[in-house]
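Participant: got a sequence here, can you model it:
(one chain, ligands or ions: 2)
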Amino acid sequence: MAQNTILVGIAGASASGKSLLAQTLIKELQSEQVCVISEDSYYKDQSHLTMEERTKTNYDHPDSLDHELMIKHMQELKLGTTVPVPVYDYSIHNRRSETRAVKPTRVVLIEGILLLASPAVRNEFDLKFYMDTPLDICLLRRLQRDIISRGRDMDSVLKQYQETVRPMFMQFIEPSRQYADLIIPHGGRNRIAIDLIKTKIRSLIEKH
Ligand SMILES: Nc1ncnc2c1ncn2[C@@H]1O[C@H](COP(=O)(O)OP(=O)(O)O)[C@@H](O)[C@H]1O
Ligand SMILES: Nc1ccn([C@@H]2O[C@H](COP(=O)(O)O)[C@@H](O)[C@H]2O)c(=O)n1
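Facilitator: Ligands and ions are numbered 1, 2, ... in the order given. Just a heads-up that it's a prediction; the model follows:
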């Protein structure tokens, strides 16, 4: 039996443009057969920790993520099942109580920093992309984004960047680049990459 759902992974550093690329594809494809999930939805539940304890979590280490649940959902989507994806709230460093029902559309885009770092996760993907944006550009964009959209201040973003974001990038994310099928330079507004990926996704939808 032909597989119905194709899983497409978009990996790369924090603020490299993964989410912008995924949202641009969704907007421009205008198809009910494409949807997006963020790996960040699968950060582990931290309800048992105080807010102060939560700020000390290393959110760039694979252990902070519930990859088991994510893999379960990826496999269920491939089997044609709708899955309850957790909703993440950065301002409280925790999942909210509600979930979001994600249907097994023909193409499911999944974006996240650690998608290619472990064999168990990366083997679930049919197509794997890596956003190869220079780290200094990522830091500038993260600083701006985290202050405007994630309720952070400059000191906390810079402290976290030096203590965990950059070291974990070096240890886990950059070495996972080798597993990508396609490496995308210039971030989430790379017009040629966007058009090529759109053509590929349209052909997958039409073949269905
Ligand atoms: N090529 C680009 N040019 C300008 N701004 C960009 C570009 N790519 C991403 N951004 C901006 O940088 C920030 C981080 O991008 P985002 O897509 O959220 O990164 P990621 O999902 O990889 O963490 C966002 O505010 C986004 O709008
Ligand atoms: N409570 C949290 C959870 C995650 N982060 C940071 O988010 C980054 C991953 O998301 P991107 O959209 O930037 O890819 C990751 O680098 C974590 O440090 C956080 O700060 N707080």
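
Participant: do the longest strand along the chain and ligand 2 meet at all?
Facilitator: Taking residue count as the measure and DSSP state E as the definition, the longest strand of the chain comes out as strand 94-102. No. For strand 94-102 and ligand 2, the contact criterion (Cβ under 6 Å from any ligand atom) is not met; the two come no nearer than 7.6 Å. Backbone N, C-alpha and C define where each C-beta goes, glycine included.

Participant: and stretch 124-134, how far from the chain's centre?
Facilitator: 10 Å (Cα atoms, centre = their mean, to the nearest Å).

Participant: residues making contact with that stretch?
Facilitator: 3, 6-13, 15-18, 21, 71, 74-75, 78, 110, 115-116, 122, 176-177, 179-188, 197, 200 (Cβ atoms under 8 Å, 6 or more residues apart in numbering).

Participant: can you list the low-confidence ranges for the chain?
Facilitator: Across the chain, the stretches falling below the confidence threshold (pLDDT under 70) are 1-3.

Participant: quick one: is whichever helix in it runs longest near ligand 1?
Facilitator: Ranked by residue count, the top helix of the chain under DSSP state H comes out as helix 191-207. No. No part of helix 191-207 sits close enough to ligand 1 to count as contact by Cβ under 6 Å from any ligand atom; the gap is at least 10.1 Å.

Participant: from the contact counts, what lies against that helix?
Facilitator: For helix 191-207, the packing partners by 3 or more Cβ pairs under 8 Å, 6 or more residues apart in numbering; DSSP states H and E come out as helix 18-29, strand 107-111.

Participant: so after the shortest one, what's the next helix or strand?
Facilitator: The first helix or strand that comes after strand 107-111 along the chain, using DSSP states H and E, is helix 119-122.

Participant: one more: the longest one?
Facilitator: For helix 18-29, the following helix or strand on the C-terminal side (DSSP H and E) is strand 34-38.
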